[in-house]
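In: fold the stuff below for me.
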Amino acid sequence: MEIILKQDVPNLGHKDDMVTVRNGYATNYLIPQGFATMATPSAKKVHAENLRQRAHKDTKIREEAAALAAKLEGVQVTIATKVSSTGKIFGSVNNIQVAEALAAKGFEIDRRNITIEGEDSIKEVGIYGGVVKCHREIKASIKIEIIGEE
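Out: Predicted coordinates:
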């Protein structure tokens, strides 16, 4: 079944993408939850017109995202946390703490757009890589340094 997504759906597509999914997934989950609509011929025409009108707005958003990615590229954030004598962290550091550290540096980034390379959370002291998703295709890499709190 062909559907048009109304919002971003993880592992499926972004808003306004036209995707093909199984009938049961569309009729039992995506459409009742309001994530998608059926791609009927009239809905396809409306969808095409909306995309045409939104095209010039998207270029401006993409330029802003590229500027943000250029500023973020190579930024290093330092997060101090309690550690044991062996260098293990009490608890863990995840993307929420990274988002707060970026906010302290003046970058307001949603925590869902930050991923730590290789794992979900950090459990040891060290320097790790991270990726900030500024737009669909535009990403910036950052460094995350975890140090012991004194």
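In: the protein: strands as residue ranges?
Out: 2-5, 18-20, 36-38, 76-81, 88-93, 114-116, 122-124, 126-133, 139-148 (DSSP state E).
In: mind giving me the packing neighbours of the third one?
Out: Right, strand 36-38. strand 2-5 (3 or more C-beta pairs under 8 Å, 6 or more residues apart in numbering; DSSP states H and E). Every residue, glycine included, has its C-beta placed from N, CA and C.
In: tell me the helices and strands packed up against the strand it packs on.
Out: strand 18-20, strand 36-38, helix 41-72.
In: and the ones you listed: which comes nearest Gly129?
Out: helix 41-72 (12.9 Å; C-beta to C-beta).
In: pLDDT weak spots in the protein?
Out: 150 (pLDDT under 70).
In: closest to the centroid, which residue in it?
Out: The residue lying closest to the centre of the chain (C-alpha atoms, centre = their mean) is Asn113, at 2.7 Å.
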